[in-house]
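A.B. asks: only geometry, no sequence info:
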Ligand code: ADP
Ligand code: MG
């Protein structure tokens, strides 16, 4: 795909849970190579919007196109094929604690290897080498054969980033990737996530609730409040005062 091409496009995306409007008509375009933060207070619809992008949630109405795929219409094999192109990083890391760091990273390549659907996967040597390279990039090559569960939270999220990279994704989605970490670790893991995505030319969309992290590490901030996009600007044009408007309880325009 050429630079600047839309990777994510939502048009009039509406999703309600009973009386709660989680997404109230969201138009969002993210282009190739962008690193975007969806920022807003708890309940503003960040996670719901993100979940639409790989078909984990379906909208009540509106359009969702990701990597050229109509996500609303996609089912079965088409949806699985799309998900192989989308790396996901979760707040709670989602590693298998009893497996080694290496085994967890290799799981990122499950969609790349042929083999029995159920049963033992034999990992090609080249994939192991690639996994080790990604572990090196996140500073954990020396931990490859330790149990994942023995690592700190920040280290576990670095492993999860390496796992997502081994998938060779075109788009990375991260839902509150650093919300479970202490502030110092959160900043360094967030910086790492953005850095590796930029190095690999990946498009990255993450949800964040901390203004400072969004300002420090992402290039564009989409501010959400009560399911609506209230601002959408390059990070360099934003300041904390304007962003705090998202978090006020009265309905001011920010
Ligand atoms: P955020 O990630 O910004 O905290 P969410 O997208 O998780 O916001 O939620 C937006 C709103 O939708 C909230 O009011 C939340 O309670 C509601 N919501 C989200 N998912 C569900 C669900 N599966 N069932 C019912 N309500 C939900
Ligand atoms: Mg959320």
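C.D. replies: Perfect, thanks for sending it. Quick caveat: nothing in here was measured; it's all calculated off a predicted structure. Residues are numbered from 1 along each chain as shown. Ligands and ions are numbered 1, 2, ... in the order given.

A.B. asks: Can you classify whichever residue of the stretch 1-150 of the chain sits closest to ligand 2 as helix, strand or coil?
C.D. replies: In the stretch 1-150 of the chain, the residue that lies nearest ligand 2 is residue 47 (3.2 Å; C-beta to the ion). Placement of C-beta: from N, CA and C, glycine included. Three-state assignment for residue 47 (DSSP: H, G, I helix; E, B strand; the rest coil): helix.

A.B. asks: How about residue 178?
C.D. replies: What three-state DSSP gives for residue 178 is coil.

A.B. asks: ok so, going back, how about the residue of the stretch 1-150 of the chain closest to ligand 2, nearest residue that isn't a chain neighbour?
C.D. replies: Closest residue to residue 47 apart from its sequence neighbours, by C-beta to C-beta, 6 or more residues apart in numbering: residue 175 at 5.4 Å.

A.B. asks: May I have the phi/psi pair for the one you found?
C.D. replies: phi -100, psi 110 (degrees, to the nearest 10).

A.B. asks: now do residue 222
C.D. replies: Here is the backbone geometry of residue 222 (degrees, to the nearest 10): phi -110, psi 110.

A.B. asks: related to what we said a few turns ago, show me what contacts the residue of the stretch 1-150 of the chain closest to ligand 2?
C.D. replies: 175-176, 207 (C-beta atoms under 8 Å, 6 or more residues apart in numbering).

A.B. asks: Identify the residue spatially nearest to residue 26, adjacent ones excluded.
C.D. replies: Using C-beta to C-beta, 6+ apart, the closest residue to residue 26 is residue 13 (4.3 Å).
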